[in-house]
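**Q** Based on what follows, work out the 3D shape:
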Amino acid sequence: MNDTPGLEFARKVLEAQPFSRLLGARLTAFGDGAATLELDLRDELRQQNGFVHGGVLCYAADNALTFAAGSAAGPRLLTAGLTIDYLQPGQGAVLRAHAQVVRAGRSRVVCRCDLSTLDDAGTATLCAVAQGTIAVPEGTNGADR
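**A** Below is the predicted model of the structure:
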């Protein structure tokens with residue numbers, strides 16, 4: 001039985017994060033072990049050469065990884081760690097972070113994430129990849145889900 005929260009609940013969780021509101025992040029997909037987070041790229045999110053700041057890419061990966069894990073393991077999760085590899089400078093109008101569960105265990109969920117920028121025509125360019133381990137805190141396995 002799939003009793004994970006739906007897209008609207010996940011959007012409310014994202015909206016409850018002040019930093020995500022500041023960045024203007026939005027969830028465009030959620031469920032079945034995957035999540036997609038997007039944000040419009042504006043000058044404040046770029047570094048001095050006009051590329052997407054690495055911290056913005058890491059933020060997007062962190063949240064997408066955790067939401068993907070949440071679609072498989074429930075809402076009470078914490079990021080245990082993540083790695084990110086920057087493949088090329090991010091340029092474009094929109095940042096898209098698409099994450100999916102690789103393996104969901106009782107205490108840890110491993111996910112991976114592709115981070116792409118989209119130009120005004122919607123063409124995606126992969127600029128980074130990330131992998132994360134999401135912890136299911138003790139006492140929440142199956143509880144409150």
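**Q** quick one: the helices in the protein?
**A** In the chain, the segments counted as helices under DSSP state H are 7-15, 18-23, 54-73.
**Q** Any buried residues in the shortest one, and which?
**A** Of the residues in helix 18-23, S20, L23 count as buried by neighbour count, 16 or more other C-beta atoms under 10 Å. Placement of C-beta: from N, CA and C, glycine included.
**Q** give me every residue that touches the most centrally placed residue in the chain.
**A** Most central residue of the chain, judged by C-alpha distance to the mean C-alpha position with C-alpha atoms, centre = their mean, is A64 at 1.1 Å. With contact taken as C-beta atoms under 8 Å, 6 or more residues apart in numbering, A64 is in contact with A35, T36, L37, A97, H98, A99, C113.
**Q** So for the closest residue to C113 other than its chain neighbours, what's the pLDDT?
**A** With C-beta to C-beta, 6 or more residues apart in numbering as the measure, A99 is the residue that lies nearest to C113, at 3.9 Å, once sequence neighbours are left out. pLDDT, A99: 98.
**Q** Run through the residues that contact A99.
**A** By C-beta under 8 Å, 6+ apart, the contact list for A99 reads 34-37, 61, 64-65, 67-68, 111-114, 130, 132.
**Q** Looking at those residues, which two lie furthest apart in space?
**A** Within these, T36 and G132 form the most distant pair, 15.1 Å apart (C-beta to C-beta).
**Q** Compare these two and say which is more crowded by neighbours.
**A** When T36 and G132 are compared for neighbours, G132 comes out ahead with 24 against 19, by other C-beta atoms under 10 Å.
**Q** Correct me if wrong: the more buried one contacts V110.
**A** Yes: with contact defined as C-beta atoms under 8 Å, G132 reaches V110; the gap is 7.4 Å.
**Q** What segments of the protein are strands?
**A** Here the chain has its strands, by DSSP state E, at 26-31, 34-40, 78-86, 94-104, 108-118, 124-135.
**Q** The fourth one versus strand 34-40: what angle between them?
**A** Between the axes of strand 94-104 and strand 34-40, defined by axes from the mean of the first three to the mean of the last three C-alpha atoms, to 10 degrees, the angle is 160 degrees.
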